[in-house]
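Q: here is my input, please return the structure:
(2 chains)
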Protein chains: 2
Amino acid sequence: MRTFTRLLCAVVFVTTVHGQPPDPLPSWNDGSIKQRIVGFVGTVTDPARTDFVPPAERIAVFDNDGTLWAEQPIYVQFAFALDRVTALAPSHPEWKTEPPFNAVLNGDMKAIAASGESGLVKILMATHTGTTTDEFRSSVSDWMEHAEHPRFKRPYTDLVYRPMLELLAYLRDNGFKPYIVSGGTAEFMRAWSEGSYRIPPEQVIGTTFVTTFQPQPNGAPGLVREPKIEFVDDGAGKPVAIQKYVGRRPIFAVGNSDGDLQMLEWTAAGPGARFVALVHHTDERREWAYDRRSHIGRLDAALDEAMAKHWAVIDMKEDWNRVFPFEEGTR
Amino acid sequence: MRTFTRLLCAVVFVTTVHGQPPDPLPSWNDGSIKQRIVGFVGTVTDPARTDFVPPAERIAVFDNDGTLWAEQPIYVQFAFALDRVTALAPSHPEWKTEPPFNAVLNGDMKAIAASGESGLVKILMATHTGTTTDEFRSSVSDWMEHAEHPRFKRPYTDLVYRPMLELLAYLRDNGFKPYIVSGGTAEFMRAWSEGSYRIPPEQVIGTTFVTTFQPQPNGAPGLVREPKIEFVDDGAGKPVAIQKYVGRRPIFAVGNSDGDLQMLEWTAAGPGARFVALVHHTDERREWAYDRRSHIGRLDAALDEAMAKHWAVIDMKEDWNRVFPFEEGTR
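A: Residues are numbered from 1 along each chain as shown, chains lettered A, B, ... in the order given. Okay, here's the model as predicted:
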């Protein structure tokens, strides 16, 4: 009996180590969430199942901030905007005394916050518009190369979640087409989404500015970003944007905040098998812990609905054995 | 010597018939246009060339009406709208006396034309909005199955151009991603673009209506098409839409009318090799002949610019040995 047990163990070991394909999701702990992901992908890719979905219809949508990368202590795009005010200040001497720009130049976060939505919009317009799309993209790329996250002292693009990179690769390997659907502005994300997530610009949906086609000083045509929001890709805007850009209802959706609720509802309400999930930030040590009362990425109504409808709630602390690519495994 | 010549001929014959890959563009006559297409594709796909373009950046854009399928005697989408008025008339008794609907119901094309832009917009809104996106799509699919082109007595989807189907396939086989960029409305085209062109909905860019996310009577969320144009994808709107949806500048563009001019200019002005072309309708017998003075698909300023800038001008009569898939070769 003892020999048999040993033999059995050896067979199990060999099967596990040599006979099985490598785990496509090594940063995900074994548990119900990982099982649901693998089970769902197995179901919709199996032509023998009634829930089979042809590859062309395997649309997956992901929120970006707080879902694919960290969004604390402030949205990365807002960090870009603040640094850009400083960079542009020499050509705007009036900003020294003009709120909210003077608050930005003095690093006075309290005064920036006090400037409210109208202040934030002023900062956004001054830093994100008035240039051609090519110029804007360069300004983002340049910044991303040099900027550093205040807590981790690393490039912001290091703050992508390793389990989500694995999930994106796993979905792609199974014929899915992953899209970003974010409240952030599209062109900001497109400057680095391909390098960081392997998501090309045409699969990045975000908030947009009115853009106009105009000849430039050198005579060549240019696309100029006007200081006017065209479309806000948040909340109920997300399913609308998905239909506009993709023209199909997703079968797989992940978000992390109330701004993702309608995108998850829209995905969940389609026929056949669906995978709908929230990332719940529960790991103060490795990342951050926040939900119902956070100013950034508030997760309240969507958490209630996820629990009521049995959507997958990814517990960052419990479900991920690594959070960032630079981290060693901790469990 | 004679034997040698015969041998040479035999070798040439064998190489041509058996040794060469089949012509990917058999409906295109040998000539400068076909040479330019094949030469361009060869250049940008050859990693040894300085003009090499990585597959991810091989974006091709095509106008739809008059470029990929026939647009005479009226735009297909307008034919749909007119038939849809008739189909909806039983629930709109007021249309019997209300212009322009009464003109549509009486088949009075002159009165419809006299109703001007405001009349056309009324017809468009009544037939294209007020439903969910799913319902609208069904109405297009149903119509397309039964409607018939007035001249050819065939389904409208038979009126796609065979040379363009070959070109789309040739581009796809060479790693290009073809997009439709049309003044027609996106959801109208998406109902049949995959079946007719193998172009999936996410590669169909068109004019859009404001759409809202709303719970439907059955409680499920729905996307409702509102009677308000959101974006007109024509003229200067085309490069704007390409940047919004694709986020990259195309390297290959084909149009057929002045509404395509800015799309062609935007494509042509990028760095590296570019292919920019117009379809010139010159074949009254097999299709139609029209250009500078046509009410539909007017080609005037764009033709001048194409000639000045040496863009490819596809002469339908000379360059295409077949126009429609149902036709036998005629040359």
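
Q: and stretch A:309-325, does that touch chain B?
A: No. Against chain B, stretch A:309-325 shows no contacts by CB under 8 Å from any CB of the partner chain, the least distance being 12.6 Å. Where C-beta positions appear, they are placed from N, C-alpha and C, glycine not excepted.

Q: and A:V181, bridged to which residues?
A: Counting by DSSP bridges, A:V181 forms beta bridges with A:I205.

Q: how many neighbours does it have?
A: Taking other CB atoms under 10 Å in any protein chain shown as the criterion, the count of residues near A:V181 is 27.

Q: ditto for A:P54
A: A:P54: 10 surrounding residues under other CB under 10 Å.

Q: ok, A:S27 next?
A: By other CB under 10 Å, 22 other residues sit near A:S27.

Q: which residues touch it?
A: By CB atoms under 8 Å, 6 or more residues apart in numbering or on different chains, A:S27 lies in contact with A:R162, A:P163, A:E166, A:W320, A:N321, A:R322, A:G329.

Q: nearest residue to the most centrally placed residue in chain A in space, please, no chain neighbours.
A: Taking CA atoms, centre = their mean, the centroid of chain A lies closest to A:N64, which sits 1.4 Å from it. Distances taken as CB to CB, 6 or more residues apart in numbering or on different chains place A:S182 nearest to A:N64, at 3.8 Å, with adjacent residues excluded.

Q: likewise for A:A186?
A: Distance criterion CB to CB, 6+ apart; nearest residue to A:A186, sequence neighbours excluded, is A:G206 at 3.6 Å.

Q: could you do A:F40 as well?
A: Sequence neighbours aside, A:F275 is the residue nearest to A:F40 in space, at 4.3 Å (criterion: CB to CB, 6+ apart).

Q: coming back round to it: mind checking how far the residue nearest to the centre of chain A is from B:M144?
A: Distance of A:N64 to B:M144, computed by CB to CB, to the nearest Å: 37 Å.

Q: now A:A302
A: Distance check for A:A302 against B:M144: by CB to CB, it reads 39 Å.

Q: what subset of the contacts of A:S27 is buried?
A: Among those, the ones that count as buried by 16 or more other CB atoms under 10 Å in any protein chain shown are A:R162, A:P163, A:E166, A:W320, A:N321, A:R322.

Q: among the residues you listed, which two are most distant?
A: Using CB to CB, those span at most 11.1 Å, a distance reached by A:E166 and A:N321.

Q: could you tell me which residues touch both of the two?
A: Common neighbours of A:E166 and A:N321, counting by CB under 8 Å, 6+ apart, are A:P26, A:S27, A:W28.

Q: hmm, back to that, any chance of the buried ones among the contacts of A:S27 in JSON lines, plus distance to A:R190, secondary structure and pLDDT?
A: As requested, those are exported to JSON lines (distance: CB to CB, whole Å; DSSP: H, G, I helix; E, B strand; the rest coil; pLDDT from 0 to 100):
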{"residue": "A:R162", "distance to A:R190": "22", "secondary structure": "helix", "pLDDT": "98"}
{"residue": "A:P163", "distance to A:R190": "23", "secondary structure": "helix", "pLDDT": "98"}
{"residue": "A:E166", "distance to A:R190": "23", "secondary structure": "helix", "pLDDT": "98"}
{"residue": "A:W320", "distance to A:R190": "27", "secondary structure": "strand", "pLDDT": "98"}
{"residue": "A:N321", "distance to A:R190": "31", "secondary structure": "coil", "pLDDT": "97"}
{"residue": "A:R322", "distance to A:R190": "27", "secondary structure": "coil", "pLDDT": "97"}
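
Q: wait, what's in contact with the residue of the stretch 51-200 of chain A found nearest chain B?
A: Closest residue of the stretch 51-200 of chain A to chain B, CB to the nearest CB: A:R190 (4.8 Å). By CB under 8 Å, 6+ apart, A:R190 lies in contact with A:R137, A:P201, A:V204, B:G247.
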